[in-house]
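# Give the three-dimensional model of this entry:
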Amino acid sequence: MEFDIAPASPVPIYRQIVEQVRRLVAGGQLKPGEELPSVRAVAQLHAINPMTVSKAYSMLETEGLLVRRRGVGMAVADGQGGAAPVDKAALLRPALEAAAQTAHQLGFTTAEALQLFEEYLNRKQTHE
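A predicted model of the protein is given here:
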């Protein structure tokens, strides 16, 4: 598992990690009990401060999404502790709203924007 970190993004790196883990868990790509890469491994791979990764993991642990396993690291929690099911559409909505606004500002028609989105989705699926 590898995070997609964008250092130039206005979104802080720890938030990028938190949001990606939330989406991966909600989408079933990270399953309960599955281990996450170590803080050190993520920090080295992306050339970021280990405290940034640690902050993200700690936030996810506080939310109950991750559990700390002594000597092993962080893993996806076995359950949501009775929490309501995750609304996957709610996790996608902000990105769609931003994309729709950008497409509108660039003068794309709905059909053109949908075609581009579909092409991107297909491209991502073939690379996985």
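# Show residues contacting the helix or strand where M51 lies.
Using DSSP states H and E, M51 sits in helix 50-63. For helix 50-63, contacts defined as C-beta atoms under 8 Å, 6 or more residues apart in numbering pick out 13-15, 17-18, 21-22, 36, 39-40, 42-43, 66-68, 74. Bear in mind the C-beta positions are built from the backbone N, C-alpha and C, glycine included.
# Please point out which parts of that helix sit buried.
Buried residues in helix 50-63, defined by neighbour count with 16 or more other C-beta atoms under 10 Å: 52-60.
# can you check stretch 10-29 too?
Applying 16+ other C-beta under 10 Å to stretch 10-29 flags 13-14, 16-18, 20-26 as buried.
# Pull the contacting residues for the residue positioned nearest the centre of the chain.
Geometric centre of the chain, nearest residue: Q20, 0.7 Å, by C-alpha atoms, centre = their mean. By C-beta under 8 Å, 6+ apart, the contact set of Q20 is 3-4.
# In a strand, it, correct?
No: secondary structure assignment (DSSP: H, G, I helix; E, B strand; the rest coil) places Q20 in helix, not in a strand.
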